[in-house]
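Sharing a model prediction with you, sequence too.
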Amino acid sequence: MQTVKIVVTGPFSAGKTQFIQTISEIEVVATEKKISRPEERIKDQTTVAMDFGRISVADDLVLYLFGTPGQRRFDFMWEILAEGMLGFVVLVDSVKPETFREARSILDTFRAYAPVPYVVAANKQDLEDAWSPEDLRIALRIPKEVKVIPCVATNRESVKNVLLELLYLVLELIDKEGGE
């Protein structure tokens, strides 16, 4: 049995918990706390340590999904969660351009933790005012060789597509390293 650790990261309220809940075959282990700061009242709860989910891709391949907290005050967990990851997803809220700078900063931080494959998921593509993946690529200065994938975190097929795109990159790297 091969296990692949994938980290799902991104700014506060980008949809990380929902992304993992949508695809996980187990009940997601979530460390959510009620939000007490009025400026953070976009939603009622926030992840303070991590979310954890699991999905079997094949009989011999399991993905472990670790969702990071999006708030900077909990960023001490990022490096811990990044330990041993074979790839990561940066989830971006496509309707909140005010979070794009934070998304870029998080992307740079995770790239510094480990030189592993990653994809950018342009979440909330079902909403009318969502930025297109190509416009997000430009706004976030994402190189052409990095995939920016349209996503709706509440849609299982959409989440599966994002994870499969990342998994192909991870397996390609594993094959390359195994062949050397």
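That came in fine, so what should we check first? These figures come from a predicted structure and were not determined experimentally.

mind listing the helices for the chain?
Per DSSP state H, the chain carries helices over the ranges 16-23, 76-82, 100-113, 133-140, 156-179.

which helices and strands does the third one pack with?
Pointing back at helix 100-113 there. strand 2-9, helix 76-82, strand 87-93, strand 118-123, helix 133-140 (3 or more CB pairs under 8 Å, 6 or more residues apart in numbering; DSSP states H and E). Placement of C-beta: from N, CA and C, glycine included.

Now the third one: average pLDDT?
The reference is to strand 87-93. In this model, strand 87-93 has an average pLDDT of 98.

Next, count neighbours for the nearest residue to residue 61 once chain neighbours are set aside.
Excluding the flanking residues, the one nearest residue 61 by CB to CB, 6 or more residues apart in numbering is residue 2, at 5.2 Å. For residue 2, the tally of surrounding residues (other CB atoms under 10 Å) stands at 11.

tell me the pLDDT at residue 2?
So residue 2 comes in at 89 (pLDDT).

Make JSON lines out of the helices and strands packed on helix 100-113 and add distance to residue 173.
Rendered in JSON lines, the data for the helices and strands packed on helix 100-113 read as follows (distance: least, CB to CB, whole Å):
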{"stretch": "strand 2-9", "distance to residue 173": "11"}
{"stretch": "helix 76-82", "distance to residue 173": "16"}
{"stretch": "strand 87-93", "distance to residue 173": "8"}
{"stretch": "strand 118-123", "distance to residue 173": "11"}
{"stretch": "helix 133-140", "distance to residue 173": "22"}
